[in-house]
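>>> Provided below for reference: sequence and predicted model.
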Amino acid sequence: MQLNKSFFILLLLGLVAADAATGTQPPAAQAGAGSAAPPFKSGDTVCWIGDSITHLGRYHADIQLFYVTRFPDRDITFHNCGIGGDTAGGIMQNSPGYRFNHDILAHKPTVATIMLGMNDVNRGAYAKNAPPDATNKAAALANYEKNMCLMIEGLQAAGSRVILLRPTIYDETAVLRGQPSPHAGVNGALGACAAKMIEWSAKYHTGLVDFYDRMNAINAAEQKKDPGFTIVGEDRIHPGPVGHLVMAYAFLKDTGMTPWVSKMTVDGKDGSILESTNCTISKAAASPEKISFECLEGALPYPIPPAASKAIDLVPFMQDLNQELLTVPNLPVGTWTLAIDGQACGDFSSEQFATGVNLATITSTPQYKQAAAIMIINDRRQGLEMREIRNMARTEYGIAAKISPSADAAQVLATVQKQVDEQIAKDPQKVSPVLKSILDSTARQSAIVKEHECTVAMRTAAKPRPHTYVLTPAGAAGQ
Amino acid sequence: MKLAKPSLILLLLLGSVVAHAAPGTQPPASQAGAVSSDESFKNGDTVCWVGDSITYGGSYHADIQLFYVTRFPDREITYYNCGIGGDRASNMMHKAPTYRFKHDILSHKPTVTAIMLGMNDVDRGAYKPQGGLEELKVAALADYDKNMQLMIQELHASRSRVILIQPSIYDETVVLSPDNTIIAPGVNAALGICAAKMKEWSAKYHTGLVDCYNRMNAINTAEQKKDPAFTIVGKDRIHPGKLGDFVMAYSFLKDTGMTPWVSKMTIDGASGSALESSNCTISKMSAAPGKVAFECLEGSLPFPTSSAADKALDLVPFTKDLNQELLTVTKLPAGKWSLTIDGQACGDFSSEQLSGGVNLATITSTPQYQQAAAVGKINVQRMTLAARGERSLVRVEYGFALGLNDPAADLDKVRAEIQKKVDEQTAKDPQKVSGELKQILDTAARKAGIAKEHEYAVAMRTAAKPKPHTYVLTPASGGK
């Protein structure tokens, strides 16, 4: 029995090694990788732990939007726990009292995702003019390993599931004019972090999501066509909206999300309902000139943010995660016009209808418009959280780390109060507005309330509504 | 009874606005404890300015565009003037939505839409001093309410975020000579209702909110105490001029979360080391007893305020809140110092002034200010072209669209109607065909006009690219 288990792990490691060697095939995307973490359930509290890429918060805002459109009934609480510049050592060693206990565990997460590595690797050690000394690099990785394991253990001890996000890449290959040359070797170091995460996911039985291999593969393929392409940003580090949607795709895919918004299949000849997955079809009727039915779906299509639309050329987002399939077999041959609630949604051939039309690709459907309006609220929520809540946490964290590792939120506030008092004594006109804002509990509370209002508004706005579908021969006048 | 009910509602509504407007001097968005919002335009954004004549002809959004290109020269943002004189929400969403809302606005695929409406929606005709039109007033506001909400919903459904601009005022208090007749007393309070509604909707729909209404009322009250003939809008009590437009631009930038900082450069005058460089890169520093020098490449240009109306900077704290290009040199030997940038004299300052910080954005002789002023000139050309060209033709088309009395009338149908008119005129007398209508049908020329405006926008971006400058401080009286 014991032997069997070790043997199994060896096999797994073997697989991983083989994978890492070829590099271009993201392991998690392979069948049987078995890293799928269960998706978030109703009642879950999710903490997104990370550095500036998580602090900015676009990828998990995309994921949150996905959840509210796919599962409008699920009551899930999300917390941005990213802080720019952060490292595992910063969280577990320099400031566990404030950062780990107060800023993360106090939310009582049932699920915590961790994406760290970009600052842990100590990019400065890879600078051109840095001393050619490998010890700094090795020490940084050893520190990462020690503190990541501490964090995983700490989260699990607090009753939280853990999902490890294999970090985004450092782009050393993009040809970027007018930008500083890359620190060679940083991306390799991130690869070491990403490999560690595979180990830990097996050791601690955590979820595992692969950004690293996927983004490297996309970069390699796209830079063949355009050397100036980068899946991250001009600073070689921070992804833009496209990179973040690719990350959201990776997360959703690797945590076991299905493609299906809904499947509606109605026979074009006799109007019988052949399939209704995640939807209820009623009042179906068919005549040679008109097929109609009513449908209440259990989900909404995912609205692709305009700024991220290039992402759907880079990953099969629509195919793998966003299928709202209307199939009408046995229609008389020809072109048919689809109207939903009287709104024209396009013309399709009887062959297209027989194999299925993906309604999620059509921005003029009432359900897509409903979803797009939620996206707008989500953008505001994300911006509010990033600026009003997280920037303040970043400042407090900086102060906490200077006091002592065990310093808690109360000690931070006391220190800030002291600094402000000193500044007032010197010159009341020159008190730091950032420090004053930390002490302004009303403003902080109002930011938290405002974000919560957005979250509630998203769920309210996401409640699916019944729609009337009508197919008529294209070009036919009237109904 | 029939009459009493709407009057009562209107009175109640007016009452709530007056109560709201009374503190007046404090724009709600600037109150302490309010959560600031970042509604700023990002790289890649497409912005539609939706409104009536104040948006159509006004320069408030031109000022905002100039601000963005000088502050963020790297951001590629596309703007569309979607204002039409006399417009109101019900025309846009109810009478001719296919032409006006879908074709004239949504077809640009906006990612941000700013809406300022109200001045025509309130139905000024119903406010003639004769009175007795209470029902019309109530109906007009109800129409505004319904159609504005529809517009916000439809914009959100089309993936555009929305910024509501609480409308500019109707000035009932300015004393005009020789004729001081107020044609429509009560209109400004009705606009207050529109402004209050916008505040409600901004919470309900999570939109951005910009306050022109309360700010302009407060400025008017304060200035008219000193000069009863002052008005923040125009002699018609409606249309702001350059002054009012600049106040509106200030309100917009402030309420959408813009920061004061063009750049911050702080140099230690004793050692020459750079102590702070925000939004700039400082290099080649050197300090000797008689000379401090460095090179600096900023990420932005100062805003060229000389293009604004004279009085504008006294009415709103634009320089303090939005235009700080701060050069600080500490530990200089006491005395007066001359600043030159690229060899150009930019003024004499005491060592105390320099250690407290000198705002370069207020100095028009700096090379960066001159550069920004040149960008401003291109902006004026762009704006003139836009207002006289395409938008004036769209206004005529819209008139035809409204005349068709068919909400489904699309661009093709509107153009067919215009063609019909031209054909009729041609049949009567080929010499007397309306030049404007012919211009409308000349789609090639119109495309060229739009392309030309776009060229100006690109030229502004090119001209706004910051350049490195050499800063030298020497004792004011002494030689080199």
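Okay, I see it.

>>> element containing residue 414, please.
The chain I'm using is chain A. helix A:409-426 (DSSP states H and E).

>>> Wait, chain B was what I had in mind.
Using DSSP H and E, residue B:414 sits within helix B:411-428.

>>> Give me the helices and strands touching that helix, please.
Contacts of helix B:411-428 with other secondary structure elements, assessed using 3 or more CB pairs under 8 Å, 6 or more residues apart in numbering or on different chains; DSSP states H and E, are made with helix B:390-404, helix B:435-441. C-beta coordinates here come from the backbone N, C-alpha and C atoms, glycine included.

>>> out of these, deepest packed?
Each of the helices and strands packed on helix B:411-428 was assessed for mean neighbour count using mean count of other CB atoms under 10 Å in any protein chain shown. The highest is helix B:390-404, with a mean of 19.

>>> Name the residues that touch the helix holding residue B:414?
The contact list for helix B:411-428, computed with CB atoms under 8 Å, 6 or more residues apart in numbering or on different chains, reads B:99, B:103, B:397, B:400-401, B:403-404, B:406, B:432-434, B:437-438, B:440-441.

>>> Next up, the contacts around the closest residue to chain B within the stretch 251-400 of chain A.
Among the residues of the stretch 251-400 of chain A, residue A:369 lies closest to chain B, at 3.3 Å counting by CB to the nearest CB. The contact partners of residue A:369, taken as CB under 8 Å, 6+ apart, are A:363, B:157, B:158.

>>> Next, it: phi, psi?
Dihedral angles of residue A:369 (phi, psi; degrees, to the nearest 10) stand at phi -60, psi -40.

>>> If I look at it, what pLDDT would I see?
Among the per-residue scores, residue A:369 holds a pLDDT of 96.

>>> what's the answer for residue A:86, then?
97.

>>> Not counting residues beside it along the chain, what's closest to it?
Distance criterion CB to CB, 6 or more residues apart in numbering or on different chains; nearest residue to residue A:86, sequence neighbours excluded, is residue A:51 at 4.5 Å.

>>> Same check on residue A:368?
Going by CB to CB, 6+ apart, residue A:368 has residue A:301 as its nearest residue, at 5.3 Å.

>>> okay, now that neighbour: neighbour count?
Per other CB atoms under 10 Å in any protein chain shown, the neighbour tally for residue A:301 reads 26.

>>> just the one 4 residues further on next, same as before
Burial of residue A:305, expressed as a neighbour count using other CB under 10 Å, amounts to 23.

>>> Report pLDDT for residue B:113.
In this model, residue B:113 is scored at 98, pLDDT.

>>> Go ahead and confirm it touches residue B:159.
No - taking CB atoms under 8 Å as the definition, residue B:113 is not a contact partner of residue B:159, at 10.6 Å.

>>> can you list contacts of the lengthiest helix in chain A?
In chain A, with assignment by DSSP state H, the single longest helix is helix A:134-157. Helix A:134-157 is touched from outside by A:49, A:87-89, A:91-93, A:100, A:104-105, A:109, A:112, A:114, A:116-117, A:120-122, A:125-126, A:130, A:162, A:164, A:185, A:189, A:192-193, A:196, A:200, A:204, A:206, with contacts defined as CB under 8 Å, 6+ apart.

>>> make it 7 Å
Taking contacts as CB atoms under 7 Å, 6 or more residues apart in numbering or on different chains, the residues outside helix A:134-157 that touch it are A:88-89, A:91-93, A:100, A:112, A:114, A:116-117, A:120-122, A:125, A:162, A:189, A:192-193, A:196, A:200, A:204, A:206.

>>> pull the CA atoms of it into CSV?
Taking Å, rounded to 0.1, in the frame of the first residue of the first chain, the C-alpha atoms of helix A:134-157 are listed here in CSV:
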residue,chain,number,x,y,z
ALA,A,134,24.2,32.7,-7.4
THR,A,135,23.7,32.7,-3.7
ASN,A,136,21.2,35.6,-3.7
LYS,A,137,19.1,33.9,-6.2
ALA,A,138,19.2,30.6,-4.4
ALA,A,139,18.5,32.2,-1.1
ALA,A,140,15.4,34.0,-2.5
LEU,A,141,14.0,30.7,-3.8
ALA,A,142,14.7,28.9,-0.6
ASN,A,143,12.9,31.7,1.3
TYR,A,144,10.0,31.4,-1.1
GLU,A,145,9.7,27.7,-0.6
LYS,A,146,9.9,27.9,3.2
ASN,A,147,7.2,30.7,3.5
MET,A,148,4.9,29.3,0.8
CYS,A,149,4.8,26.0,2.7
LEU,A,150,4.1,27.9,6.0
MET,A,151,1.3,29.8,4.3
ILE,A,152,-0.4,26.7,2.8
GLU,A,153,-0.1,25.0,6.2
GLY,A,154,-1.4,28.1,8.0
LEU,A,155,-4.4,28.4,5.7
GLN,A,156,-5.3,24.8,5.9
ALA,A,157,-5.0,24.9,9.7
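
>>> Go ahead and measure how far that helix is from the middle of the chain.
On the basis of CA atoms, centre = their mean, to the nearest Å, the separation between the geometric centre of helix A:134-157 and that of its chain is 24 Å.

>>> ditto for stretch B:98-114
Using CA atoms, centre = their mean, we find the averaged C-alpha position of stretch B:98-114 to lie 19 Å away from the chain's own average C-alpha position.

>>> Pull out the buried residues from it.
Residues of stretch B:98-114 classed as buried by neighbour count (16 or more other CB atoms under 10 Å in any protein chain shown): B:98-101, B:103-106, B:108, B:110-114.

>>> repeat for stretch A:157-167
Of the residues in stretch A:157-167, those with enough neighbours to count as buried (16+ other CB under 10 Å) are A:160, A:161, A:162, A:163, A:164, A:165, A:166, A:167.

>>> contacting residues for the last one?
Spelled out, that is residue A:167. Listed by CB under 7 Å, 6+ apart, the contact set of residue A:167 reads A:115, A:116, A:117, A:118, A:190, A:193, A:194, A:211, A:212.

>>> I figured the last one hits residue A:194, correct?
So the one you mean is residue A:212. Yes - if you go by CB atoms under 7 Å, residue A:212 and residue A:194 touch, sitting 3.9 Å apart.

>>> Could you tell me which residues touch both of these two?
By the contact definition CB under 7 Å, 6+ apart, residue A:212 and residue A:194 are jointly contacted by A:166, A:167.
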